[in-house]
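Enquirer: Predicted model follows, preceded by the sequence.
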Protein chains: 2
Amino acid sequence: MRVMGVDPGLTRCGLSLVESGRGRQITALDVDVVRTPSEAPLAKRLLTISDAVEHWLDTHHPDVLAIERVFSQVNLMTVMGTAQAGGVIALAAAKRDIDVHFHTPTEVKAAVTGNGAADKAQVTAMVTRILALQAKPTPADAADALALAICHCWRAPMLARMAAAEAKAAEQRRAYLAKLKAGR
Amino acid sequence: MRVMGVDPGLTRCGLSLVESGRGRQITALDVDVVRTPSEAPLAKRLLTISDAVEHWLDTHHPDVLAIERVFSQVNLMTVMGTAQAGGVIALAAAKRDIDVHFHTPTEVKAAVTGNGAADKAQVTAMVTRILALQAKPTPADAADALALAICHCWRAPMLARMAAAEAKAAEQRRAYLAKLKAGR
């Protein structure tokens, strides 16, 4: 499975591409950080990010796009910018019928380091080790994008089982309601 | 000037189109509300909104897109969804080189009713009167989208003067710095 990981942001947006192999084996294929100037109009900044993500999707053809889900940040303006960037990134995938999954920072840290409250240095160190990289990925946004893709690879089987269980439960609910209706 | 107003939202997204005439005269050309089901995946919901906005932009060719800027809402999940929707809407305009302007709810209410703290009923009543509509626009998202477009029409001359003044100041700063540099 080929997974593209995105750490959304207006100023710096981390992009990564990994391929999962047997068991927990994962290979890094590409990583980059898209930057947009803070003095540019918001719509233009979103266009720069959208263009970069669309180029990656069309070049690398990932099976899945994994995006960081941001719940809380100190600065509301930063949250808004991150959400707006996340929106255009998810849209680019939806336009290509590529599945989009969101993972929270806690889920990413827990998957990669075993500790949901790990700091940036720990995440970077584990990403470097898991992917057997020659050097630490920098800036932090690049490491975060890789961590996100790793997290998705490892959580995907569990997410698939959960989705299957939910679909089965919904099917049983439908069958039960149909039976009730027929009995009336 | 033809202005498209958008009240962004995932569940309901209000779209409007108005044309400004002489003085403060404004004519409503179209209004609609795009809805997406809350049980659909986020990326698909954003795609539905993006498709609708792109269709409007390509059909109506507005000169400007005015979007509501959301600063604070009670529910953080709603803020995020609104920001994500706002992001894909601004992107659609940027792709077509259409100017995007953001106005806060307070600016919209103040422009339309004269009171930045007006309630929804007052906004709807004033929108109905300003545009000389036969009936009140419903739901509230439709009225809000129209109010946003009206707000932009009336604020545009002031915004243009401010932008011109800022550009002039920046030019004077550049000239002054160049002079200093040449004097060294």
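Expert: Okay, I see it. All figures in this text were calculated on a predicted structure; none of them were measured in a lab. Numbers count the residues shown, from 1 in each chain, chains lettered A, B, ... in the order given.

Enquirer: need the residues of chain A near chain B, please.
Expert: Contacts of chain A with chain B, taken as C-beta under 8 Å from any C-beta of the partner chain, map to A:41-44, A:46-47, A:50, A:70-72, A:76, A:79-80, A:83-88, A:90-91, A:93-95, A:100, A:102. Backbone N, C-alpha and C define where each C-beta goes, glycine included.

Enquirer: Kindly export whatever helix or strand A:Thr78 lives in (C-alpha atoms) in PDB.
Expert: Element membership of A:Thr78 [criterion: DSSP states H and E] is helix A:76-95. Below are the C-alpha coordinates for helix A:76-95, written out as PDB (Å, rounded to 0.1, in the frame of the first residue of the first chain):
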ATOM      1  CA  LEU A  76      -7.200  30.200  16.600                       C
ATOM      2  CA  MET A  77      -5.900  31.900  13.500                       C
ATOM      3  CA  THR A  78      -3.400  29.100  13.000                       C
ATOM      4  CA  VAL A  79      -6.200  26.500  13.500                       C
ATOM      5  CA  MET A  80      -8.200  28.200  10.800                       C
ATOM      6  CA  GLY A  81      -5.300  28.300   8.400                       C
ATOM      7  CA  THR A  82      -4.500  24.600   9.100                       C
ATOM      8  CA  ALA A  83      -8.200  23.600   8.600                       C
ATOM      9  CA  GLN A  84      -8.400  25.600   5.300                       C
ATOM     10  CA  ALA A  85      -5.200  23.900   4.000                       C
ATOM     11  CA  GLY A  86      -6.500  20.500   5.200                       C
ATOM     12  CA  GLY A  87      -9.800  21.200   3.300                       C
ATOM     13  CA  VAL A  88      -8.100  21.900  -0.100                       C
ATOM     14  CA  ILE A  89      -5.800  18.800   0.400                       C
ATOM     15  CA  ALA A  90      -8.700  16.500   1.200                       C
ATOM     16  CA  LEU A  91     -10.600  18.000  -1.900                       C
ATOM     17  CA  ALA A  92      -7.600  17.200  -4.200                       C
ATOM     18  CA  ALA A  93      -7.800  13.500  -3.100                       C
ATOM     19  CA  ALA A  94     -11.700  13.400  -3.400                       C
ATOM     20  CA  LYS A  95     -11.400  14.700  -6.900                       C
END
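
Enquirer: centre of the chain versus it, how much separation?
Expert: Put simply, helix A:76-95 sits 12 Å off its chain's centre (C-alpha atoms, centre = their mean, to the nearest Å).

Enquirer: tell me which residues of it are tucked away?
Expert: Judged by neighbour count (16 or more other C-beta atoms under 10 Å in any protein chain shown), helix A:76-95 contains these buried residues: A:79-94.

Enquirer: do the same with stretch A:27-47
Expert: Residues A:28-29, A:31, A:33-36, A:42-47 are the ones in stretch A:27-47 that count as buried (16+ other C-beta under 10 Å).

Enquirer: and the residues you listed, which of them are in strands?
Expert: Mapping the buried residues of stretch A:27-47 onto strands (DSSP state E) picks out A:Ala28, A:Leu29, A:Val31, A:Val33, A:Val34, A:Arg35.

Enquirer: of all these, which comes closest to A:Val64?
Expert: The nearest member of these to A:Val64, counting by C-beta to C-beta, is A:Leu29 at 13.7 Å.

Enquirer: okay if I get the ones in strands among the buried residues of stretch A:27-47 as a markdown table plus pLDDT?
Expert: Formatted as a markdown table, these follow (pLDDT from 0 to 100):
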| residue | pLDDT |
| --- | --- |
| A:Ala28 | 96 |
| A:Leu29 | 96 |
| A:Val31 | 96 |
| A:Val33 | 97 |
| A:Val34 | 97 |
| A:Arg35 | 97 |
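
Enquirer: Of these, just say which sits nearest to chain B.
Expert: Nearest to chain B among these is A:Val34, at 14.3 Å by C-beta to the nearest C-beta.

Enquirer: what is that closest one paired to in the beta sheet?
Expert: Counting by DSSP bridges, A:Val34 is bridged to A:Cys13.

Enquirer: show me the contacts for it.
Expert: A:Val34 makes contact with A:Arg12, A:Cys13, A:Leu15, A:Thr48, A:Ile49, A:Ala52, A:Val53 under the criterion C-beta atoms under 8 Å, 6 or more residues apart in numbering or on different chains.
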